[in-house]
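*Asks:* need the 3D shape of this:
(one chain, ligands or ions: 1)
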Amino acid sequence: MEIMLSHKIKLDPKKKQIEYFSKACGTARFTYNWGLAEWKRQYEEGLNPSGFGLKKEFNAIKEEKFNWVYEVTKYACQQPFINLQTAFNNFFSGTAKYPQFKKKGIHDSFYIGNDQFSIINKKVKIPKLGAVKMCECLGFSGKIMSAVISKAANQWFVSVSVKMDITPATSESQAVVGVDLGVKNLATLSTSEIIEGSKALSKHQNKLRHLQQSLSRKQKGSKNRYKARHKVAKLHYRISCIRQDELHKLTTKLTRDYAVIVIEDLNVKGMMSNDKLSKAISDMGFFEFKRQLNYKSLTSGSLIIEADRWFPSTKKCSKCGEINHEITLADRVYICPKCNLRIDRDLNAAINLKSLAIAV
Ligand SMILES: [Zn+2]
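*Replies:* Model prediction:
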């Protein structure tokens, strides 16, 4: 079975390389916006535009009108037409809004095909640009297909797409586990093992809250506001790195040790938190948790079962099955009105999830 995975790696480019990146991003943005404007114009004239057709038109005039596109990789003015077509396909199928113009500072990225770069150890080599240092090695081995170089929070990244051929393994372990993702702890397992989240994360979260308040008090358009926004973006990035790292440890452990992993419907978890900030951060984490579990299970052979969103994992007694509707967000301990079971609320939920697998 073939799967495509991508790995996003922070870059450490030199000044000249940053200049090149910025120029390539500008070219990609210009080309996309040119294509979108032309698409609209042709549509209004009653024509039937396409990404492929627009690319041909652009190529016919680029030498005369936009000869600066030759200063960077050819992909910077080719791939945007494919992206534009995809954006319209998504719009036509109802899965996305009408395509919008790209803006500097928000859409800073460009694509490179695998014929124009290579990865050697901790370096990505691009013709005319030399080797750009990567902050970590590529995490997957397989056929390298493409890369997207992008900028966020004033840092540069490369996201490398790799095609991997894998044989789904059958896990030797027969163990079943229920996992309750939490806000207080990262996760509680049905084995009563608790995986605490990183302490640094909650410290950073408090700091982020302060920074965001201070940002909102800064005058619009001022230098101080710009600085404050930069600080917020940087901290956001650190938080997502810490979260990603702790999730990797958790998902590696789960797929290594268990043959069947039962998780809850992740939408429910998001609704349970009424703090906006921790909600945003945990939403991101839950999505990432599921993504990692799914791809790691492909090689470990673990089966992932996601509980139905109506499954009452929190309200049900894990001993006698009674439903306690009285339980609220504030209750840390589950108390069963029927059999008098007293149990940690997250552990109760994890055991209920586990029993779901046995029922399946
Ligand atoms: Zn009970």
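*Asks:* the residue of the stretch 51-200 of the chain at minimum distance from the ion and S109, how far apart?
*Replies:* Closest approach of the stretch 51-200 of the chain to the ion (CB to the ion) occurs at S190, with a separation of 16.3 Å. Heads up, the C-betas are built off the backbone N, CA and C, glycines and all. Per CB to CB, to the nearest Å, S190 is found 42 Å from S109.
*Asks:* S141 too?
*Replies:* S141 is 25 Å from S109, by CB to CB.
*Asks:* quick one, which of the two is more surrounded?
*Replies:* When S141 and S109 are compared for neighbours, S109 comes out ahead with 21 against 8, by other CB atoms under 10 Å.
*Asks:* partner strands of the one helix or strand I9 maps to, parallel or antiparallel?
*Replies:* Using DSSP states H and E, I9 falls within strand 2-12. For strand 2-12, the paired strands and their directions (DSSP bridges) are strand 130-134 (antiparallel), strand 155-165 (antiparallel).
*Asks:* residue nearest the centroid of the chain?
*Replies:* Taking CA atoms, centre = their mean, the centroid of the chain lies closest to E288, which sits 6.0 Å from it.
*Asks:* pLDDT value on it, please?
*Replies:* With respect to pLDDT, E288 scores 83.
*Asks:* next, give phi and psi for it.
*Replies:* Main-chain dihedrals, E288, degrees, to the nearest 10: phi -70, psi -40.
*Asks:* Y20 too?
*Replies:* phi -60, psi -50.
*Asks:* that one: what's it in contact with?
*Replies:* V72, K128, L129 (CB atoms under 8 Å, 6 or more residues apart in numbering).
*Asks:* tell me which residues touch the last one, please.
*Replies:* In other words, L129. Per CB under 8 Å, 6+ apart, neighbours of L129: K16, Q17, Y20.
*Asks:* make it 6 Å
*Replies:* If you count contacts by CB atoms under 6 Å, 6 or more residues apart in numbering, L129 has them with Q17, Y20.
*Asks:* got it, and the first one?
*Replies:* Taking CB under 6 Å, 6+ apart as the contact definition, V72 lies against K23, A24, T27.
*Asks:* can you give me the neighbour number for the closest residue to it other than its chain neighbours?
*Replies:* Spatial nearest neighbour of V72, excluding adjacent residues (CB to CB, 6 or more residues apart in numbering): A24 at 4.1 Å. For A24, the neighbour count with other CB under 10 Å is 25.
*Asks:* ok, back up a step: just how off-centre is the strand holding I9 within its chain?
*Replies:* 11 Å (CA atoms, centre = their mean, to the nearest Å).
*Asks:* report the buried residues of that strand.
*Replies:* H7, I9, L11 (16 or more other CB atoms under 10 Å).
*Asks:* reformat those as a markdown table; add distance to S355.
*Replies:* Formatted as a markdown table, those follow (distance: CB to CB, whole Å):
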| residue | distance to S355 |
| --- | --- |
| H7 | 36 |
| I9 | 41 |
| L11 | 47 |
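*Asks:* between those, which is nearest Y98?
*Replies:* Relative to Y98, the closest of the buried residues of strand 2-12 is H7; by CB to CB it sits at 31.7 Å.
*Asks:* wait, that closest one touches V160, no?
*Replies:* Yes. Using CB atoms under 6 Å, H7 makes contact with V160 at a distance of 5.4 Å.
*Asks:* now do the shared contacts for the two.
*Replies:* Taking CB under 6 Å, 6+ apart as the criterion, H7 and V160 both touch L138.
*Asks:* what about the strands in the stretch 51-200 of the chain?
*Replies:* 109-113, 118-120, 123-126, 130-134, 143-152, 155-165, 176-181, 187-189, 194-195 (DSSP state E, counting those that start in this stretch).
*Asks:* reformat those as TSV; add distance to L215.
*Replies:* Listed next are the strands of the stretch 51-200 of the chain as TSV, based on distance: least, CB to CB, whole Å:
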stretch	distance to L215
strand 109-113	25
strand 118-120	37
strand 123-126	34
strand 130-134	31
strand 143-152	17
strand 155-165	19
strand 176-181	29
strand 187-189	32
strand 194-195	33
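*Asks:* nearest to F52, out of those?
*Replies:* strand 109-113 (16.3 Å).
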